[in-house]
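Asker: Give me a 3D structure for the following:
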Amino acid sequence: MVFYFESAIASPPVTLFMGLDKYENEDLIKWGWPEDVWFHVDKVSSAHVYLRLRPGQTIDDIPSAVLEDAAQLVKANSIMGNKMNDVDVVYTMWSNLKKTQGMEVGQVAFHKEKEVRKIKVTKRINEIVNRLNKTKKEEQVDFRAEREKRDRLEREDKKKLLRDEQEKKKELEKKKKEEAELRGYNTLMSSENMSKYDDGNDSDDFM
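Answerer: Numbering: from 1, shown residues only. Below is the predicted model of the structure:
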């Protein structure tokens, strides 16, 4: 089961989502998307909240209000974190999550610590949490199927892009060939005209 929340604080609205428990968090870790940004309360147990970036968007493009929504949602879904003030919420791209043998279910580390960012959450803001909870929806999701579908569409897009580039290259080569043939034809016509009007007599003497 996946819980979806809509953050309408931005335009267009942004969807935040999280798994039901640590076992679904494990599936989200395994079958996440390269476009996913992961959020978690630092150093204490909490839900794993994700934000899926739009095509072309980067982690730097996330509006500050959306980051605050995600941080408040993470804090509200942490038993310890929800009781604490001045907590840090860490976030990073899904691709930076690291899973090794021996780790507990739902536990992660990072490939690059320098790519992990932090948001300071001074206290829980009920206005934000209540607004997000009003948009809450539950859905049963096949994480693997969704990821495989995403990858298939990406491969198809890349193939189409490659075909388009090859067609453009062929058209360009065809145009260059036609232009070269036209230049050769014009040169030939110019040479024939010179021969036609040249009588072979260079003398200016008409006598």
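Asker: I figured residue 136 hits residue 5, correct?
Answerer: Yes - Residue 136 is within contact range of residue 5, at 5.6 Å (criterion: C-beta atoms under 8 Å). C-beta coordinates here come from the backbone N, C-alpha and C atoms, glycine included.
Asker: who's more crowded, the two?
Answerer: Each of residue 136 and residue 5 has its neighbours counted (other C-beta atoms under 10 Å); residue 5 has more, 21 against 12.
Asker: And the helix or strand that contains that one, what does it pack against?
Answerer: According to DSSP states H and E, residue 5 maps onto strand 2-7. With contacts defined as 3 or more C-beta pairs under 8 Å, 6 or more residues apart in numbering; DSSP states H and E, strand 2-7 has these neighbours: strand 14-19, helix 64-76, helix 126-133, strand 137-139.
Asker: quick one: buried residues of the next helix or strand after the longest one?
Answerer: Read that as helix 64-76. Next along the chain after helix 64-76, taking DSSP H and E as the criterion, comes strand 87-93. Neighbour-count burial for strand 87-93 flags 87-93 (criterion: 16 or more other C-beta atoms under 10 Å).
Asker: now the angle between helix 64-76 and strand 87-93, please.
Answerer: Calculated by axes from the mean of the first three to the mean of the last three C-alpha atoms, to 10 degrees, strand 87-93 forms an angle of 120 degrees with helix 64-76.
Asker: related to what we said a few turns ago, deepest in the core, which of the helices and strands packed on strand 2-7 is it.
Answerer: For the helices and strands packed on strand 2-7, the largest average neighbour count (mean count of other C-beta atoms under 10 Å) is found in helix 64-76, namely a mean of 22.
Asker: elements contacting that helix?
Answerer: strand 2-7, strand 14-19, strand 36-41, strand 49-52, strand 87-93, strand 117-121, helix 126-133.
Asker: Could you tell me the angle between the fifth one and strand 117-121?
Answerer: For the pair strand 87-93 and strand 117-121, the angle between their directions (the same axes, to 10 degrees) equals 150 degrees.
Asker: Run the chain-centre distance for the helix or strand following strand 87-93.
Answerer: Following strand 87-93 in sequence order, the next helix or strand is strand 97-98 (DSSP H and E). Between the centre of strand 97-98 and the centre of its chain there are 18 Å (C-alpha atoms, centre = their mean, to the nearest Å).
Asker: now do stretch 70-90
Answerer: How far stretch 70-90 lies from its chain's middle: 26 Å, per C-alpha atoms, centre = their mean.
Asker: Now the terminal residues of that stretch, how far apart.
Answerer: Criterion C-alpha to C-alpha, to the nearest Å; first-to-last residue distance in stretch 70-90 is 10 Å.
Asker: chain center to stretch 102-119: distance?
Answerer: Per C-alpha atoms, centre = their mean, the centroid offset for stretch 102-119 relative to its chain is 20 Å.
Asker: any idea of the mean pLDDT for that stretch?
Answerer: Mean pLDDT, computed over stretch 102-119, is 94.
Asker: in it, what counts as buried?
Answerer: Those would be 106, 108, 116-117, 119, for stretch 102-119 by 16+ other C-beta under 10 Å.
Asker: Just name the shakiest helix or strand of this structure by mean pLDDT.
Answerer: helix 143-196 (a mean of 83; mean pLDDT, DSSP states H and E).
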